[in-house]
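Visitor: just the structure for this:
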Amino acid sequence: MEKIDHHQDTRERILATGESLILGRGFSAIGLNEILTKAEVPKGSFYHYFQSKEGFGVAMLERYFDAYHLRTRQLFTNEQLSISERLFAYFSHWREVAASSQCQNMCLAVKLAAEVADLSEPMRVALSRGMAGITAQIAAALRTAQQNGSLASDLDPNQLAESLYSMWVGASLLTKVSHSMTALDLAYKQTEQMLKQPG
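Guide: I've put the predicted structure just below:
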């Protein structure tokens, strides 16, 4: 039992340390030596947990999306909030994270989307799968909003979720480039228009 716990703890430490460093400078700019030194893990043990840096990248993305999907699921099933409040809380949090980090430390998915899509097919697939999971959760929340009458029923929730998520990812990239919240502020205003109550 102790060996299993130690294995999981060391693997988690490598992943958490790597994510923290990569959020700051990107996947290509961070070498394994830097990750392992920061995590205080001997270099020789890295390949006990991951076959390659690419394999580490896939595992890091899967870990990130598992945690992200859990948080989003908890928000979208929070019955203390109306479904509209849940949706706006999701996008408000996105904007607040960008503002609190001065537009630098965006979410890992946004950080790596442009960088690794052409660099690594396994990482691209992990990103695509994780992002699809997010849009599916948004679509499910939109469907609930339609069922209770707080969103127009003639809208396709899957297409609307794709449009919203694509808009926010694009706005986040522009925010990183410009060091300005303008793009995300406009995305929020557009979201308000897209999700306004029928009537």
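
Visitor: from now on I want contacts and neighbour counts done on CA atoms only, so please keep to that.
Guide: OK.

Visitor: the biggest helix by length in the chain: what's the following helix or strand?
Guide: The residue-count maximum for a helix in the chain (DSSP state H) belongs to helix 121-147. Using DSSP states H and E, the next helix or strand after helix 121-147 towards the C-terminus is helix 157-178.

Visitor: what packs against that following helix?
Guide: helix 108-116, helix 121-147, helix 182-194 (3 or more Cα pairs under 8 Å, 6 or more residues apart in numbering; DSSP states H and E).

Visitor: make it 7 Å
Guide: If contacts are counted by 3 or more Cα pairs under 7 Å, 6 or more residues apart in numbering; DSSP states H and E, helix 157-178 sits against helix 121-147, helix 182-194.

Visitor: got those helices as a markdown table, with distance to Leu21, mean neighbour count and mean pLDDT columns?
Guide: Formatted as a markdown table, the helices and strands packed on helix 157-178 follow (distance: least, Cα to Cα, whole Å; neighbours: other Cα atoms under 10 Å; pLDDT from 0 to 100):
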| stretch | distance to Leu21 | mean neighbour count | mean pLDDT |
| --- | --- | --- | --- |
| helix 121-147 | 17 | 19 | 96 |
| helix 182-194 | 24 | 16 | 96 |
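
Visitor: what residues does Leu36 make contact with?
Guide: By Cα atoms under 7 Å, 6 or more residues apart in numbering, the residues touching Leu36 are Ile14, Pro42, Lys43.

Visitor: outline the domain layout of the chain.
Guide: 1-49, 54-194 (automatic domain parsing).

Visitor: deepest of those domains, which one?
Guide: By mean neighbour count, with neighbours taken as mean count of other Cα atoms under 10 Å, domain 54-194 ranks first of these at a mean of 17.

Visitor: tell me the contacts of the residue most central in space within the chain?
Guide: Centroid-nearest residue in the chain, with Cα atoms, centre = their mean: Ala109, separated by 4.6 Å. By Cα under 7 Å, 6+ apart, the contact set of Ala109 is Leu127.

Visitor: need the pLDDT of it.
Guide: We have a pLDDT of 88 for Ala109.

Visitor: much appreciated, bye for now.
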